[in-house]
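1. Just need the structure, nothing else, for what follows:
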Amino acid sequence: MTADFFKTAALALGIGTVGVAGGYMYKDTADKTDEYSRVGVENYIDADISKVDTWFLHHTAGGDLSQAALYHTVSKEFGGHEWDGIAYSYGWEDNGSKGDYYLVNTRPIDTKGNQAAKNNTRSRGAVVAGNFDELEPTEDLLLEIETWLYATLKLYPKVTSFQPHNKNPHSNTACPGSKLEKAVKKRGLFFTSRSEIQWFIKRQ
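-> Numbers count the residues shown, from 1 in each chain. Sure, this is the predicted structure:
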């Protein structure tokens, strides 16, 4: 996936580069995949993206994306290079202007990360920096998630589920934080079958 995710998605969808979801203007994404890997992304274990049918939403529970990358690297240090670096394919960080988030490419989408216990072959993760048991998600962040989800569903038609991390049956966690989970659920964006999200996919 290119660093310029939304632009690529918009071109693929044929809807121009100014709006991917609901007329929301895309923001170029920063590619930090190399930065978040200790031994280099070429040492990750490849995993077929065509087998992926689920995305999980995470939060860092405090700290930024670089801290999450360090935690994953250290905690899985002896588990093989596929577990090096940050576990998530995409992340959102606060842009320095409070509540203004931007999307970051954090791990090649065709590699597995240890983001969902016993479920890393068929799923990928996207993470928001912050503790959303405490923080209220901003409208900007929710629009960022919406835009990313719309593009992802259009580009990857085999995706049939988008869930909070705590819905992975093998994970014991409250992730992505109660306030973020509630806000995304209120917008109707979590789903477990493609039919549940057709209203969203077809709205352009």
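
2. hey, let's count contacts and neighbours off CA atoms from now on
-> Fine.

3. This structure: helices as residue ranges?
-> Here the chain has its helices, by DSSP state H, at 5-13, 65-75, 139-155, 178-186, 198-201.

4. got the buried residues for the third one?
-> By neighbour count with 16 or more other CA atoms under 10 Å, helix 139-155 contains the buried residues 141-154.

5. What of stretch 181-191?
-> Buried-residue list, stretch 181-191, by 16+ other CA under 10 Å: Glu181, Ala183, Val184, Leu189, Phe190, Phe191.

6. Confirm for me that Thr54 is in contact with Arg122.
-> Yes. Counting by CA atoms under 8 Å, Thr54 does reach Arg122; the two are 6.4 Å apart.

7. So between these two, which is more surrounded?
-> Using other CA atoms under 10 Å, the more surrounded residue of Thr54 and Arg122 is Thr54, with 22 against 18.

8. With adjacent residues omitted, what lies nearest to Ser178?
-> Leaving aside its chain neighbours, Ser178 sits nearest to Asp133 (5.1 Å; criterion: CA to CA, 6 or more residues apart in numbering).

9. Could you report the separation of that neighbour from Ser37?
-> Asp133 sits 28 Å away from Ser37, going by CA to CA, to the nearest Å.

10. higher neighbour count, these two?
-> The neighbour comparison of Asp133 against Ser37 (other CA under 10 Å) goes to Ser37, with 25 against 17.
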